[in-house]
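Enquirer: Fold the following for me, if possible:
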Amino acid sequence: MITIYRADERHHVHGRAHDHWRTFHPRGPGDPLAGGFGALAALDEDRLGPGERPPRQPTVDGEVVTYVRAGALAVLDSRGASGAIHAGEFRRTVAHPDLRHGVGNASRTDWAHAFQLSLAAPGLPSGLRADQRGFAIAEHGGRLCVVASPDGRGGSLRLHADVVLLAAVLAPGQVVAHGLTPGRAAWVHVVAGDATLGDYTLTGGDGVGVTDERTVTLHASAATELLVCDLIEPTPPRPRTRSRPGSLSG
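Expert: Just a heads-up that it's a prediction; the model follows:
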């Protein structure tokens, strides 16, 4: 079963030196995905001009994974901890009502391109340290690489949320497949490029929720970058479910 949110359905705020897209945003009364897809509470994309900061969003009680695709972000929290996230790096931090995080473009001359994923994991202590590392193209080029997980497998960032985050960079014609165990679902976000999922064509900015499937298979028709969240299947009902014209696997 598949649910598609197209890139142009995202909430978009355009500024002179800042573009912000929010995938999960109320599209009408009773929209069940307004608050996210299972433990994935938010998925935001920002293009920031020199020195710009993204708009402040409601704090999710859990964790935030930030991915910088281009440029660098400066980070500062209310405890005085500071640092920078550079292109190709992922950073996991605790999101807590008593702990404020500030991020902004670290450059005075270049733009930055970043993604933030908010993961629900209530009750985490605010004193947990941030975790950060970079993943080379060799690690996730042509295949799905685990970048964050509850058990820290393969040197990935360690999460407290029951979520496995994977990333892939694909050349035209390459294919990746991810198996789902019973009770698990996936949210696929196309960072850039073009890919097919079954008979559906996806482009940069599109998001797809996949439930009740054993395998998610994506075929890149152009140079493509993907983020995939493997998580506990969200509680029904699921909005705007479309009948499958073809299998998502194989």
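
Enquirer: Relative to A171, how far out is R143?
Expert: Counting by C-beta to C-beta, to the nearest Å, the separation of R143 from A171 is 11 Å. Bear in mind the C-beta positions are built from the backbone N, C-alpha and C, glycine included.

Enquirer: Give me the more crowded residue out of the two.
Expert: Neighbour tally, R143 and A171, criterion other C-beta atoms under 10 Å: the higher count belongs to R143, 15 against 12.

Enquirer: got the contact list for the more buried one?
Expert: Residues near R143 by C-beta atoms under 8 Å, 6 or more residues apart in numbering: A168, V176.

Enquirer: Then L165?
Expert: Contacts of L165 by C-beta under 8 Å, 6+ apart are 65, 90, 117, 146-149, 156-157, 159, 227-230.

Enquirer: Please name the bridge partners of the closest residue in space to L165 that isn't next to it in sequence.
Expert: The spatial neighbour of L165 that comes closest, neighbours along the chain excluded (C-beta to C-beta, 6 or more residues apart in numbering), is A148 at 4.1 Å. With DSSP bridges applied, A148 shows beta-bridge pairing to L157, L165.

Enquirer: In this structure A148 contacts D162, no?
Expert: No. In this structure, A148 sits apart from D162 without contact. The criterion is C-beta atoms under 8 Å, and the distance is 11.7 Å.

Enquirer: And the helices in the protein, which stretches?
Expert: Assigned by DSSP state H, the chain shows helices spanning 137-140.

Enquirer: Pull the contacting residues for the spatially most central residue of it.
Expert: For the chain, the residue nearest the mean C-alpha position is L117 (4.7 Å; C-alpha atoms, centre = their mean). Contact criterion C-beta under 8 Å, 6+ apart gives L40, A42, L43, D44, V64, V65, T66, Y67, L165, L227, C229 as the residues in contact with L117.

Enquirer: what's the spacing between the fifth one and A114?
Expert: In this case it means V64. Remark: distance between V64 and A114 (C-beta to C-beta) = 11 Å.

Enquirer: ok, I137 to E225 distance?
Expert: 10 Å.

Enquirer: Give me the common contacts of the two.
Expert: When contacts are counted by C-beta under 8 Å, 6+ apart, I137 and E225 are jointly contacted by V169.

Enquirer: For those two, indicate the residue with more neighbours.
Expert: Here I137 and E225 are set side by side on neighbour count (other C-beta under 10 Å), and the busier one is E225, at 18 against 10.

Enquirer: and that one, what does it touch?
Expert: R69, A167, A168, V169, L170, V190, V191, A192, G193.

Enquirer: Skip the chain neighbours and tell me the closest residue to it.
Expert: In space, not counting the residues next to it along the chain, E225 is nearest to V191; the distance is 4.0 Å by C-beta to C-beta, 6+ apart.

Enquirer: residues contacting that neighbour?
Expert: Remark: with contacts taken as C-beta under 8 Å, 6+ apart, V191 is in contact with R69, F115, G204, E225, L226, L227.

Enquirer: Adding pLDDT and distance to H12, write the residues you listed out as JSON lines.
Expert: Conversion of the contacts of V191 to JSON lines gives the following (pLDDT from 0 to 100; distance: C-beta to C-beta, whole Å):
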{"residue": "R69", "pLDDT": "96", "distance to H12": "18"}
{"residue": "F115", "pLDDT": "96", "distance to H12": "15"}
{"residue": "G204", "pLDDT": "98", "distance to H12": "14"}
{"residue": "E225", "pLDDT": "97", "distance to H12": "20"}
{"residue": "L226", "pLDDT": "97", "distance to H12": "21"}
{"residue": "L227", "pLDDT": "97", "distance to H12": "19"}
